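Student: Below is the structure, and that's it, no one-letter string:
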């Protein structure tokens, strides 16, 4: 059974930084693309960043590009999201997720963590 556990969220002032972590278990983590998503109150969940199985390819939403870095440590079964220059509009629950197919980036995510709250005050 796949389990994803996010951590690292919190309250931060605008301009500050946070590093989110997602610890994965129950699957050969190193074979799968991972993604970070977020959902703000009253809004749909949106893609934030993705990283392929090897860590050699990343992608970012335009809204966070240049401020956010996704990385992974396959030895620790963990994916990270370093967020800098945070803005109030970054306030949301952040989720990590696992792609459906090994050694592929389908954009289809089957497993999700419980989320971690990020709140950015102005």
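Tutor: Cool, the structure landed. Because the structure is a prediction, the values reported are computed rather than measured.

Student: who's in contact with residue 91?
Tutor: Residue 91 sits next to 40, 118-120 when contact means C-beta atoms under 8 Å, 6 or more residues apart in numbering. (Each C-beta comes from the backbone N, C-alpha and C, glycine too.)

Student: now residue 86
Tutor: 12, 14-18, 67, 118, 120.

Student: and if you look at residue 7?
Tutor: 20-23, 116.

Student: and it, bridged to which residues?
Tutor: residue 21 (DSSP bridges).

Student: hey, which helix or strand in this protein has the poorest pLDDT?
Tutor: strand 109-112 (a mean of 92; mean pLDDT, DSSP states H and E).

Student: Following that strand in sequence, what is the next regular element?
Tutor: Sequence-wise, the next helix or strand downstream of strand 109-112 (DSSP states H and E) is strand 116-121.

Student: wait, residue 52 sits on residue 105?
Tutor: Yes - using C-beta atoms under 8 Å, residue 52 is in contact with residue 105, at 5.7 Å.

Student: Could you list the low-confidence segments of this structure?
Tutor: Filtered on pLDDT under 70, the chain yields no residues whatsoever.

Student: That one: strands as residue ranges?
Tutor: Assigned by DSSP state E, the chain shows strands spanning 3-7, 10-13, 18-25, 34-39, 46-51, 58-60, 68-73, 78-83, 92-99, 109-112, 116-121.

Student: ok so, going back, please enumerate residues in contact with the least confident helix or strand of the chain?
Tutor: Counting by C-beta under 8 Å, 6+ apart, 2, 4, 27, 35, 37, 95-100 sit against strand 109-112.

Student: One more: stretch 100-108?
Tutor: Here stretch 100-108 has contacts from 28, 31-33, 50, 52-53, 57, 99, 109-110, using C-beta under 8 Å, 6+ apart.
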